[in-house]
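*Asks:* Here's my sequence, what's the structure:
(2 chains)
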Amino acid sequence: DSGVTQTPKHLITATGQRVTLRCSPRSGDLSVYWYQQSLDQGLQFLIQYYNGEERAKGNILERFSAQQFPDLHSELNLSSLELGDSALYFCASSGVGVYTEAFFGQGTRLTVV
Amino acid sequence: AQSVTQLDSQVPVFEEAPVELRCNYSSSVSVYLFWYVQYPNQGLQLLLKYLSGSTLVKGINGFEAEFNKSQTSFHLRKPSVHISDTAEYFCAVSAGNTPLVFGKGTRLSVIA
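*Replies:* Numbering: from 1, shown residues only, chains lettered A, B, ... in the order given. Model prediction:
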């Protein structure tokens, strides 16, 4: 168990809909990262938050947004969903330091039908 | 910016045989290097990491990797694989306090 909790584990929704994925980082970790894993694109970095502030942005679509709350949990919002958004979405967290290990959650499998 | 190339998308190997999974990286700055493993329907778990010091890094489950700066490589090795090593393996790079950049993964299939 990595200590990173993601909910829900599975999500099936229709095209055009909006969903919210939730992530609770390991206790004490200030950084949260979101990744998308698909068969054709592999693991793509979406966005990073550090202590409530956006720290880095990757290949995140404008239809997607995220935030980190004062209790450090994070939510990834996906809207106007398309079939191509079907993927496994991972959250990871890490602590403070020049480099600290990133711990990954079990992921949320999103299926858009 | 950093990038990672995993040279083999699939590697089949017989049980108890040695295996090497290849990883090359590109970066204009010094980097930290990682190997993660993903078992079916699970998240990613860190196998080992290179931050500095000895270029030969030992990780969990008998895996090791060697950092070669001149060849910009970080190949993963295990002298004798088990059925339970069947999984997807990801090489990743970070330039310090930056998000991990992953390779596309190598699927290791261990054959009995």
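
*Asks:* Quick check: the one residue sitting closest to the centre of chain A vs chain B, distance?
*Replies:* Against the mean C-alpha coordinate of chain A, by CA atoms, centre = their mean, the closest residue is A:Trp34 at 3.2 Å. When CB to the nearest CB, to the nearest Å is the yardstick, A:Trp34 and chain B sit 10 Å from each other. Heads up, the C-betas are built off the backbone N, CA and C, glycines and all.

*Asks:* Now do that residue, the pLDDT please.
*Replies:* Listed pLDDT for A:Trp34 reads 97.

*Asks:* show me what contacts it?
*Replies:* By CB atoms under 8 Å, 6 or more residues apart in numbering or on different chains, the contact list for A:Trp34 reads A:Cys23, A:Phe45, A:Leu46, A:Ile47, A:Gln48, A:Ile60, A:Ala66, A:Ser74, A:Leu76, A:Tyr89, A:Phe90, A:Cys91.

*Asks:* and the helix or strand where A:Gln36 lies, which strands flank it?
*Replies:* Secondary-structure element containing A:Gln36, defined by DSSP states H and E: strand A:31-38. Applying DSSP bridges, strand A:31-38 is found paired with strand A:42-50 (antiparallel), strand A:87-94 (antiparallel).

*Asks:* Quick check: what element follows the last one along the chain?
*Replies:* This points to strand A:87-94. On the C-terminal side of strand A:87-94, the closest following helix or strand by DSSP H and E is strand A:103-104.

*Asks:* Is that next one positioned near chain B?
*Replies:* Yes: for strand A:103-104, a contact with chain B is found by CB under 8 Å from any CB of the partner chain, at A:Phe103, A:Phe104.

*Asks:* Residue 64 - nearest residue in space that isn't next to it in sequence?
*Replies:* Using chain A. Nearest residue to A:Phe64, sequence neighbours excluded (CB to CB, 6 or more residues apart in numbering or on different chains): A:Leu78, at 5.3 Å.

*Asks:* wrong one, chain B
*Replies:* Leaving out its chain neighbours, the residue that sits closest to B:Glu64 by CB to CB, 6+ apart is B:Lys58, at 4.8 Å.

*Asks:* That neighbour contacts B:Leu47, doesn't it?
*Replies:* No: contact criterion CB atoms under 8 Å: B:Lys58 and B:Leu47 do not qualify, at 10.0 Å.

*Asks:* Those two: which has the busier surroundings?
*Replies:* Each of B:Lys58 and B:Leu47 has its neighbours counted (other CB atoms under 10 Å in any protein chain shown); B:Leu47 has more, 22 against 10.

*Asks:* quick one: the more buried one from B:Ala95, how far?
*Replies:* Distance of B:Leu47 to B:Ala95, computed by CB to CB, to the nearest Å: 20 Å.

*Asks:* And A:Gly28, by the same measure?
*Replies:* A:Gly28 is 24 Å from B:Ala95, by CB to CB.
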